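Visitor: Sequence and predicted structure below; questions after.
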Amino acid sequence: MEMLIFGLLTGILFGFLLQKGRVVRYDKQIGALRFKDMTIVKFMMSAIIVGMLGIHFFEVFGLVQLMYKPVVIGENIAGGMIFGLGWGLLGYCPGTQGGALGEGRWDALWGILGMLIGAGLYAETYPFLMKRVLGWGYFGSLTIPQLIGVNQWFVIMAFIAGVIAMFSWFEKKGL
Amino acid sequence: MEQNKMDEGAWSPYIAGGLSGLVIIVSVLWTGKFFGASTSFVRSAGMLGKAFGPERVTHLEYFIRYLPKLDWQLLFVIGIFVGSLIASLWSGSFKWQGVPDMWAERFGANPVKRGIVAFIGGIIAMFGARLAGGCPSGHGLSGMIQLAVSGLIAMIFFFVGGIIMTRLIYYRGDR
C-alpha cells in the first residue's frame, strides 16, 4: 500500500515537471523528431545527467541498487525501431501521454487505448515470439563502462561533456 | 516557434529536466524504484482482459510474468496525469484539444483522422516497447542513467524509428 502511494506521489511530481517543461505535447515530441524544436531532448538529457551523477554517487556508498535491462541486441534494435515508428505516428510516449491528457490533449486517449491493445497483442504473441524470435543476441547485463573496460566516472564525464556540447549547439541554432 | 517564447508558465526544459533527475534520485534512494511506464500497460491490459475473458488471461504466460495488479509503476503513470493536470490548471495552460496544431497544419483539423492514426500508432509503439524491454522512460531515462548498453541501443533506435516515420508522413513539409 505504501508503495502505491509513493508511486502516485512520484508520478505527480514528475507529471508536474513534464508539463512545466512543455514536453508532453505532440508538437514538442514530433518537433524533436523533425529537428525543429529540441525541448524534449533538452529535458531528457538534463534529467539523465543529473540522475546519472546522483545514482552513481550513491552507488559508490552502496545506497542504491542498480536495476537495468539485459542486452538482447535483436529485441533492443527491432523493438526500439518498431516503437519509434509508432511514436512517429502517435506523437506521445507511454509515460508522457497521461500527462498530455492531463493538460487537455484528449487525442492521447486514442493512444492510450491503442497501447492497451498493443500490450494485449504482445501478450498474445509472446509464446510464439519466445520460440522463434526472442533472445537473439543475448549478452546479459552490461553497462557501457564494462563494455569498453574503463572506469564509470570517465564515461560519465565524457557523456556530460558531450551533452553540454550538444546543448550549446542547440542554443546556437535556436532549436 | 515564436509562439513558444510567449508560452506563459513554462519552465526552461533544462531546469524542469534537471529537477526530474533529482526526483529520480530521491525515488531510487527512498523506494528503490527507477522510472518506467510500459509495463503498466501490460498490467492494465491484463486487468481489462480479465473483465472479458478471465480464463484466457490466467493462462497467458506474459500475464503470469507481469501479473494484472496495481503496483508502484501503475500508480506512477496515473500520477503523471494528475501532476500534469495540476500544473496546467494552475498556470492556465490547460487546453481541451483533440487535434495537435502541427498535425492540423499538415493533415487538417479532422479529429477522427487524427484519432485513427494515434490509435494505430499506440498499438505499434507499445508492441515495440515490450519487444525492446522498455520505453523512453525505462530504457531512455532509467537505462541511460545507469549507463546500460540496452538503454543506449533502444534509445538510439527509438529516435531512428521516429525520425523515419515523421520523414514519411511529413515529407512534403507543413502546408
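Guide: It's in.
Visitor: got the contact list for the nearest residue to residue B:8 once chain neighbours are set aside?
Guide: Spatial nearest neighbour of residue B:8, chain neighbours left out: residue B:91 (6.9 Å); criterion: CB to CB, 6 or more residues apart in numbering or on different chains. In short, each C-beta sits where N, CA and C put it, glycine included. Listed by CB atoms under 8 Å, 6 or more residues apart in numbering or on different chains, the contact set of residue B:91 reads A:20, B:8, B:9, B:10.
Visitor: Of these, which pair is most distant in space?
Guide: Greatest spatial distance among these (CB to CB): A:20 and B:8, at 11.5 Å.
Visitor: Between the two, which has more neighbouring residues?
Guide: The neighbour comparison of residue A:20 against residue B:8 (other CB atoms under 10 Å in any protein chain shown) goes to residue A:20, with 25 against 7.
Visitor: related to what we said a few turns ago, same list (the contacts of residue B:91) but as CSV, adding pLDDT.
Guide: CSV is the format used below for the contacts of residue B:91 (pLDDT from 0 to 100):
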residue, pLDDT
A:20, 97
B:8, 74
B:9, 85
B:10, 94
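Visitor: Looking at those residues, which are in helices?
Guide: Secondary structure from DSSP state H places residue A:20 of the contacts of residue B:91 in helices.
Visitor: so which of the contacts of residue B:91 comes closest to residue B:83?
Guide: Looking across the contacts of residue B:91 and measuring by CB to CB, the closest to residue B:83 is residue A:20, at 9.4 Å.
Visitor: surely the closest one meets residue B:10?
Guide: Yes. At 6.7 Å, residue A:20 counts as touching residue B:10 under the criterion of CB atoms under 8 Å.
Visitor: thinking again about what came up before, out of the contacts of residue B:91, list just those in strands.
Guide: Among the contacts of residue B:91, no residue falls in strands (DSSP state E).
Visitor: Tabulate the contacts of residue B:91 in JSON lines, adding columns for distance to residue A:164.
Guide: What follows is the contacts of residue B:91, written out as JSON lines (distance: CB to CB, whole Å):
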{"residue": "A:20", "distance to residue A:164": "22"}
{"residue": "B:8", "distance to residue A:164": "28"}
{"residue": "B:9", "distance to residue A:164": "27"}
{"residue": "B:10", "distance to residue A:164": "22"}
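Visitor: and residue B:53, how many neighbours does it have?
Guide: Residue B:53 has 10 nearby residues by other CB under 10 Å.
Visitor: wait, I meant residue A:109
Guide: Residue A:109 has 17 neighbouring residues, counting by other CB under 10 Å.
Visitor: gap between it and chain B?
Guide: Distance, residue A:109 to chain B, by CB to the nearest CB, to the nearest Å: 8 Å.
Visitor: Then residue A:1?
Guide: Taken as CB to the nearest CB, the span from residue A:1 to chain B is 10 Å.
Visitor: what's near enough to touch that residue?
Guide: So residue A:1 contacts nothing (CB under 8 Å, 6+ apart).
Visitor: what pLDDT does it get?
Guide: Per-residue pLDDT puts residue A:1 at 87.
Visitor: can you check residue A:100 too?
Guide: 98.
Visitor: same deal with residue B:2?
Guide: 43.
Visitor: Can you give me the first-to-last residue distance of stretch A:92-99?
Guide: The straight-line separation of the ends of stretch A:92-99 (CA to CA, to the nearest Å) is 9 Å.
Visitor: which SS class is the residue of chain A most remote from its centre?
Guide: Residue farthest from the centre of chain A, counting by CA atoms, centre = their mean, is residue A:131 at 27.8 Å. At residue A:131, secondary structure determined by DSSP: H, G, I helix; E, B strand; the rest coil is helix.
Visitor: Roughly how far does residue B:44 sit from residue B:58?
Guide: According to CB to CB, to the nearest Å, residue B:44 stands 16 Å off from residue B:58.
Visitor: Let me know the pLDDT of the residue most central in space within chain A.
Guide: Among the residues of chain A, residue A:44 comes closest to the average C-alpha position under CA atoms, centre = their mean, at 7.9 Å. Looking at residue A:44, its pLDDT stands at 98.
Visitor: how far away is it from residue B:24?
Guide: Plainly put, residue A:44 is 12 Å away from residue B:24 if you go by CB to CB.
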